[in-house]
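[1] Need coordinates for the following:
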Amino acid sequence: MIGDRDYIYACESVFFPVMKAFEPDLIIISAGFDSAQGDPLGGVGVTPVGYAYMTNGMKKICSKIVAVLEGGYDLRALEVSTEAVVRTLQLSPGDQEGFDNLIASLGNTPGLT
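    The predicted structure is shown next:
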């Protein structure tokens, strides 16, 4: 199953370098959580940790980020994935300790299938 490692690899090897080269003033995230672990339509396995990692990577590229919720069909997966993105966006830029603590807390997310 495609999951965090696959998405993180794609971000690190393709998306983040392209985004850095573009030097955006603003990033708008279409936060559809169809790829969340447990979503019945997506069939993918991205966890809250994966979403937090991707969001933090974008924060390193541009401090101005807007996330727009637009999808996801499993309420528990939607809840924990959205929380991961919002909590990541609330961190101060460069707060690695805060991010590490967030990742540790997300790694213990109960109720995901």
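
[2] drop to CA atoms for contacts and neighbour counts, all remaining ones
    OK.

[3] Where do the strands of this protein begin and end?
    27-32, 65-71 (DSSP state E).

[4] which other residues reach the first one?
    Under the contact criterion CA atoms under 8 Å, 6 or more residues apart in numbering, strand 27-32 has outside partners 58, 62, 64-72.

[5] farthest-separated two in those residues?
    Cys62 and Gly72 (25.4 Å; CA to CA).

[6] ok, the two, which is more surrounded?
    Gly72 (23 against 17; other CA atoms under 10 Å).

[7] Ramachandran coordinates for that one?
    phi 120, psi 130 (degrees, to the nearest 10).

[8] Show me the shaky parts of this protein.
    109-113 (pLDDT under 70).

[9] Please report the residue range of the longest helix in this protein.
    helix 75-90 (DSSP state H).

[10] Would you map the helices across this structure?
    Going by DSSP H, the chain shows helices at 4-10, 16-22, 48-61, 75-90, 96-106.

[11] helices and strands around the second one, which ones?
    To tie it back to what came earlier, the one meant is helix 16-22. helix 48-61 (3 or more CA pairs under 8 Å, 6 or more residues apart in numbering; DSSP states H and E).

[12] Please write out the alpha-carbon positions of the helix it packs on in CSV.
    Extracted in CSV, the C-alpha atoms of helix 48-61 (Å, rounded to 0.1, in the frame of the first residue of the first chain):
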residue,chain,number,x,y,z
PRO,A,48,-1.2,12.0,10.4
VAL,A,49,2.6,11.8,10.7
GLY,A,50,2.9,11.9,6.9
TYR,A,51,0.6,14.9,6.6
ALA,A,52,2.5,16.7,9.4
TYR,A,53,5.8,16.0,7.7
MET,A,54,4.6,17.3,4.3
THR,A,55,3.0,20.4,5.9
ASN,A,56,6.3,21.1,7.8
GLY,A,57,8.3,20.7,4.6
MET,A,58,6.1,23.3,2.9
LYS,A,59,6.4,25.7,5.9
LYS,A,60,10.2,25.5,5.4
ILE,A,61,9.7,26.7,1.8
